[in-house]
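1. give me a model of this one.
(one chain, ligands or ions: 1)
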Amino acid sequence: MSNLPHPEDFRKADYPIERLFIRRWSPRAMSGEPLTEEELLRVFEAARWAPSTYNEQEWRFLYARRDTPHWPLFFDLLIEANQVWCQRAAVLGVVLARMTFTRNGKPNPVHLYDTGSAWENLALQATAMGLVSHGMAGFDFEKVRTVLRVPDEFAVAAMFALGRPGDPNDLPPELRERETLTGRRPVRESICEGPFQF
Ligand SMILES: Cc1cc2nc3c(=O)[nH]c(=O)nc-3n(C[C@H](O)[C@H](O)[C@H](O)COP(=O)(O)O)c2cc1C
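-> Sure, this is the predicted structure:
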């Protein structure tokens, strides 16, 4: 049983929503145990069903499993602050977004928007399966392109870690303190009926 906090003890939605949205969060404590091929494919399957402009499915996911030859390539892309806790992740991933339409080669203005949907599907599916996911911007974007041979028509969107829940006590003290649930500003501060007025 994980010592991780339970999101629903700390987060309350102001309006009724599916529990899954509240239960997804970004722990850093992971156990280091591997995921099965089946688990991994289920998580990526959820991403597959995201909506996208003209059904472009701009997203591509590169990944490396722990204790495989690809792992160091991915791990070395991360800033040190992320390497500290990603050591115990089961999978490290890179999210790519195709920037041009496959139909005509023209720029696709929503490539990152659609790809973000796919990532969130993945994160919610991981939560539903009792796994943890954690998005990351703390890595060397340019190095991803060269080390992982990403073609020019793909944007490097983000990285992520996936794993099984771990024990926060195994984290260094400064990260253990940060292993807490975030809140959100009230919904009315994110929405506006009519022209921009925030
Ligand atoms: C695209 C993206 C990049 C992020 N980058 C990092 C990162 O580099 N390191 C880190 O520890 N957390 C990172 N996070 C986690 C966020 O800080 C976290 O999602 C946010 O505080 C909201 O908390 P929650 O996901 O637990 O609800 C990132 C999250 C996203 C979606």
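2. which strand of the protein spans the most residues?
-> Ordering each strand of the chain by length in residues (DSSP state E) puts strand 154-163 first.
3. quick one: distance of that one to the chain centre.
-> Taking the mean of its C-alpha atoms, strand 154-163 sits 6 Å from the chain's own mean (C-alpha atoms, centre = their mean, to the nearest Å).
4. part of a strand, is Pro195?
-> No. Membership of Pro195 in a strand is not supported by DSSP: H, G, I helix; E, B strand; the rest coil, which gives coil.
5. all strands of this structure, in order?
-> For the chain, applying DSSP E gives strands covering 59-65, 91-98, 132-136, 154-163.
6. what's the second one packed up against?
-> Spelled out, it's strand 91-98. Applying 3 or more C-beta pairs under 8 Å, 6 or more residues apart in numbering; DSSP states H and E, we find strand 91-98 packed against strand 59-65, helix 71-75, helix 111-128, strand 154-163. For the C-beta atoms, the positions are set from N, CA and C on the backbone; glycine is no exception.
7. skipping its backbone neighbours, what lies nearest the spatially most central residue of the chain in space?
-> The geometric centre of the chain, computed from its C-alpha atoms, lies nearest to Gly135 (C-alpha atoms, centre = their mean), at 3.4 Å. Leaving aside its sequence neighbours, Gly135 sits nearest to Phe160 (C-beta to C-beta, 6 or more residues apart in numbering; 5.0 Å).
8. dump the residue contacts of that neighbour.
-> Leu92, Gly93, Val95, Trp119, Leu122, Ala123, Ser133, His134, Gly135, Met136 (C-beta atoms under 8 Å, 6 or more residues apart in numbering).
9. what do you get if the cut-off is 10 Å, keeping everything else the same?
-> By C-beta atoms under 10 Å, 6 or more residues apart in numbering, the contact set of Phe160 is 26, 61, 63, 86, 89, 91-95, 119, 122-123, 126, 133-136.
10. how much space between it and the ligand?
-> 8 Å (C-beta to the nearest ligand atom, to the nearest Å).
11. give me the pLDDT value at that residue.
-> For Phe160, the model assigns a pLDDT of 98.
12. low pLDDT regions in the chain?
-> Flagging of the chain using pLDDT under 70 yields the residue ranges 1.
13. kindly report the residues of it close to the ligand.
-> Listed as neighbours of the ligand in the chain under the rule C-beta under 6 Å from any ligand atom: Trp25, Ser26, Asn82, His134, Gly135, Met136, Ala137, Gly138, Ala158, Thr182.
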